[in-house]
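In: Just need the structure, nothing else, for what follows:
(one chain, ligands or ions: 3)
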Amino acid sequence: MTTVVPVDLGERSYDIHIGSGLLDRAGELIQPLMRGNRALVITDDQVAPLYLERVEKSLVAAGIMPMHTVLPAGEKTKDFPHLEALLDAMLAARAERGTMVVALGGGVIGDLTGFAASILLRGVDFVQIPTTLLAQVDSSVGGKTGINTRHGKNLVGAFHQPRLVLADISALQTLPRRQMLAGYAEVVKYGIIDDAPFFAWLETNGAAVVAGDPDALAQAVAVSCRAKARIVAADEREGGVRALLNLGHTFGHALEAETGFSDEMLHGEAVAIGMVMALRLSSQIGLAPAEDCERLKRHLDAMGLSSALPASGRLWEVSRLLDHMRGDKKVKDGKVTFVMARGIGQSFLTRDVPEDALAAMLAEMAAGR
Ligand SMILES: NC(=O)c1ccc[n+]([C@@H]2O[C@H](COP(=O)([O-])OP(=O)(O)OC[C@H]3O[C@@H](n4cnc5c(N)ncnc54)[C@H](O)[C@@H]3O)[C@@H](O)[C@H]2O)c1
Ligand SMILES: O=C(O)C(=O)C[C@@H](O)[C@H](O)[C@H](O)COP(=O)(O)O
Ligand SMILES: [Zn+2]
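Out: Ligands and ions are numbered 1, 2, ... in the order given. Okay, here's the model as predicted:
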């Protein structure tokens with residue numbers, strides 16, 4: 001069974017299809033959106049051997065001529081040199097304004113490819129075929145595209161909505177458990193933002209989701225996509241409420257920057273710890289019950305996602321973390337906007353966070369307390 005979740009954005013509206021076997025139906029589903037007869041499939045060197053041939057075969061069967069570019073897997077690919085290499089490959093392939101760009105892979109391929117599509121020939125259409133849990137529940141939806149720079153995470157990019165999202169949950173069968181768990185952090189995020197019953201559902205069903213149970217997975221992806229579609233439709237360019245989707249990210253992005261955007265800490269792993277930091281700080285400044293932070297930590301730990309900063313091999317410096325946070329895109333008039341919470345399912349935005357409480361919380365986490 002396929003679930004279709006609409007993203008309601010006026011003339012930029014599109015559908016998210018969620019189900020099994022969608023990779024083989026890519027051509028049939030993309031065909032009605034084509035402005036020409038060619039597609040450029042962009043993927044990475046771990047996804048290509050698994051799924052590229054199937055997707056290209058289905059495009060050909062629908063009368064679409066595919067070409068492809070394969071990039072190295074991993075967060076380090078989301079940078080200026082790879083953006084340039086990708087645009088160069090697209091131009092060498094004689095991309096036209098009617099060429100459909102197809103991002104086949106995780107959030108790295110989706111973010112980089114979407115950004116390239118937004119500036120290629122001043123903007124061409126693209127489709128997201130997310131193959132990680134993280135990309136299926138979050139990055140393929142909403143049109144945030146971009147790359148990391150030496151100044152920080154996602155600091156160069158564009159809002160460029162896909163024309164279609166195809167989330168084939170059977171593709172997750174080959175995803176390593178560590179990546180599944182990293183994506184699961186963004187699933188938990190939707191519960192903490194404004195859906196306490198979903199968080200409770202995850203406490204019971206999270207293990208089945210991460211184990212790849214098709215019913216649990218389809219349910220978790222659909223609930224997550226509906227939540228993201230609702231928030232994005234209300235505030236496409238993050239003038240307000242969309243910043244709630246950044247829960248845990250001001251902290252998480254600082255951790256990713258500090259670990260050099262490397263495998264040492266994956267995006268979702270950083271977000272998991274960042275969400276604990278947000279709830280811990282919320283509780284320490286008297287906004288939320290301490291029990292809600294403990295409940296989040298218990299769930300993350302039970303799932304096998306770390307809720308604490310890794311202790312071995314690295315000294316976490318509070319001043320450096322604060323410095324990264326000052327480069328966040330939600331800074332206004334020099335003050336960071338925080339996503340805090342009054343409890344699980346009750347997040348809100350504020351710039352009113354005492355600096356001493358923030359530094360104290362970071363110092364405690366850095367010391368492993
Ligand atoms: N645009 C947004 O709204 C948004 C939202 C959340 C995260 N992000 C970004 O997404 C990125 C993280 O994405 P990610 O977690 O998908 O990482 P990723 O793209 O690096 O993929 C993780 C790893 O899994 C491999 N892989 C992908 N699909 C596979 C499959 N089906 N089977 C086996 N291996 C597979 C990839 O090759 C890669 O090695 C970060 O850069 C983050 O900032 C963006
Ligand atoms: O879609 C959004 O909005 C999000 O914030 C989703 C996040 O999970 C994602 O990591 C996003 O890329 C972070 O956005 P940024 O603007 O802080 O770079
Ligand atoms: Zn994220």
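In: Alongside ligand 2, which residues does the stretch 1-150 of the chain contribute?
Out: Taking CB under 6 Å from any ligand atom, the part of the stretch 1-150 of the chain that reaches ligand 2 is made up of 138, 142, 144. Where you see a C-beta, it was placed from the backbone N, CA and C, and this is true even at glycine.
In: ranking these by neighbours, who comes first?
Out: D138 (29 neighbours; other CB atoms under 10 Å).
In: can you tell me which residues contact that one?
Out: Contact analysis of D138 by CB atoms under 8 Å, 6 or more residues apart in numbering lists 107, 183, 186, 189, 224, 228, 245.
In: Of the residues of the stretch 1-150 of the chain next to ligand 2, which ones also sit close to ligand 1?
Out: Restricting these to those near ligand 1 by CB under 6 Å from any ligand atom leaves 138, 142, 144.
In: Turn those residues into JSON lines, columns for pLDDT and secondary structure.
Out: Formatted as JSON lines, those follow (pLDDT from 0 to 100; DSSP: H, G, I helix; E, B strand; the rest coil):
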{"residue": "D138", "pLDDT": "98", "secondary structure": "helix"}
{"residue": "G142", "pLDDT": "98", "secondary structure": "coil"}
{"residue": "K144", "pLDDT": "98", "secondary structure": "strand"}
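In: Check for me that V101 belongs to a strand.
Out: Yes. Under DSSP: H, G, I helix; E, B strand; the rest coil, V101 sits within a strand.
In: so what's it bridging to?
Out: L40, F126 (DSSP bridges).
In: Would you mind confirming that it is in contact with L120?
Out: Yes. V101 lies in contact with L120 (CB atoms under 8 Å); the separation is 7.3 Å.
In: Out of the residues of the stretch 1-150 of the chain next to ligand 2, flag the one nearest to L22.
Out: Nearest to L22 among these: D138, at 17.6 Å, using CB to CB.
In: Ligand 1 contacts on the stretch 151-300 of the chain?
Out: Going by CB under 6 Å from any ligand atom, the residues of the stretch 151-300 of the chain near ligand 1 are 154, 171-172, 174-175, 179, 182-183, 267-268.
In: quick revisit: overlap of the contact sets of V101 and L120?
Out: Between them, V101 and L120 share the contacting residues 90, 95, judged by CB under 8 Å, 6+ apart.
In: Now, of the residues of the stretch 151-300 of the chain next to ligand 1, which are buried?
Out: Neighbour counting over those (16 or more other CB atoms under 10 Å) leaves 154, 171-172, 175, 179, 182-183, 267-268 as the buried ones.
In: Among these, which ones are in helices?
Out: Members of these lying in helices (criterion: DSSP state H): 179, 182-183, 267-268.
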